[in-house]
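A.B. asks: quick one, what's the 3D model for this:
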Amino acid sequence: MTHKILDADGRELARVRSVEYQGWKQIAKRLGVSRWTARRWARTEGLPVRRIGRTPMITEYAVRVWLEERPSYVKS
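C.D. replies: The predicted structure follows:
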């Protein structure tokens, strides 16, 4: 399954596969931060992590949307 990322005018910017990161270690690696920072961002910055039992999970699509919406995110 793929998701479309659209700009403000509705034009397609990219397509993202439904990759899912499970556990703080994988989530932190994807974000390029420590596990503790990833957990803090989930608590204080609105990182949209969901839990199945005790295991945190997030999709690649959710990561990209969240990063784009963060005011401190700088595109490189």
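A.B. asks: now the nearest residue to Asp7 once chain neighbours are set aside: phi and psi?
C.D. replies: In space, and not counting its chain neighbours, Asp7 is closest to Leu13: 5.4 Å by C-beta to C-beta, 6 or more residues apart in numbering. Every residue, glycine included, has its C-beta placed from N, CA and C. Dihedral pair for Leu13: phi -100, psi -40, per degrees, to the nearest 10.
A.B. asks: who's in contact with Leu13?
C.D. replies: If you count contacts by C-beta atoms under 8 Å, 6 or more residues apart in numbering, Leu13 has them with Ile5, Leu6, Asp7.
A.B. asks: now do the last one: how many residues are near it, please.
C.D. replies: The one in question is Asp7. 10 (other C-beta atoms under 10 Å).
A.B. asks: I'd like the distance between it and Glu60.
C.D. replies: Distance from Asp7 to Glu60, counting by C-beta to C-beta, to the nearest Å: 19 Å.
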